[in-house]
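**Q** Give me a model of this one.
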Amino acid sequence: MSNRKTIYEGRVVRLEIENGKWEIVRHKAAVAILAIQDGKMLMVKQYRPAIEAFTLEIPAGLIEDGEDVLTAAAREFAEECSLGGDLKVLSRFYSSPGFTDELLHLVHATNLNEAFGTPDEDEDITLEWIAPKDLIAGALEGSVRTSSPGIAAAYYALSMV
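**A** Numbers count the residues shown, from 1 in each chain. As a prediction, this is how the structure comes out:
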């Protein structure tokens with residue numbers, strides 16, 4: 001039987017220690033949205049304090065209490081990109097199950113249209129379009145910093161061609 005102790009609880013994460021040994025980060029589930037237009041993926045460029053650098057990531061955000069995956073994806077897509085569309089779940093995966101329970105839902109947005117959303121006050125993002133192969137190549141050579149959902153989305157995008 002495991003013995004878990006919470007040692008920190010914040011707005012986004014909770015840190016637990018199991019059996020005095022395993023550090024476990026509890027994190028809300030999240031959505032990440034793959035949108036493709038003219039062969040390019042929609043990315044958000046933003047500064048990430050954890051790595052002290054700017055990243056190119058697909059639009060993403062937390063699933064709030066009471067939301068289902070597609071509702072959260074529609075809200076985040078509108079907030080970050082002022083876009084909407086037809087949404088379909090492609091996959092779901094854990095970001096790093098060795099230490100966190102964060103579950104990511106990869107959602108495909110098609111038939112893009114304008115949508116109104118209220119951006120988070122602390123977000124300073126710009127939108128960029130990039131070819132999936134260029135994102136992967138940039139990540140491999142180190143010129144592009146991205147996230148696991150971004151790489152997963154790029155491979156999905158390439159498989160759709």
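
**Q** now the strands: where do they sit in the chain?
**A** Here the chain has its strands, by DSSP state E, at 4-9, 13-18, 22-27, 30-37, 40-48, 53-57, 60-62, 83-94, 103-114, 126-130.

**Q** ranking those strands by burial, who's on top?
**A** strand 30-37 (a mean of 22; mean count of other Cβ atoms under 10 Å). Where C-beta positions appear, they are placed from N, C-alpha and C, glycine not excepted.

**Q** quick check: angle from that strand to strand 126-130?
**A** 60 degrees (axes from the mean of the first three to the mean of the last three Cα atoms, to 10 degrees).

**Q** packing partners for strand 30-37?
**A** Other elements packing on strand 30-37 under the criterion 3 or more Cβ pairs under 8 Å, 6 or more residues apart in numbering; DSSP states H and E are strand 40-48, strand 60-62, helix 69-81, strand 83-94, strand 103-114, helix 148-160.

**Q** how far out from the middle of the chain is that strand?
**A** For strand 30-37, the separation from the chain centroid amounts to 8 Å (computed by Cα atoms, centre = their mean, to the nearest Å).
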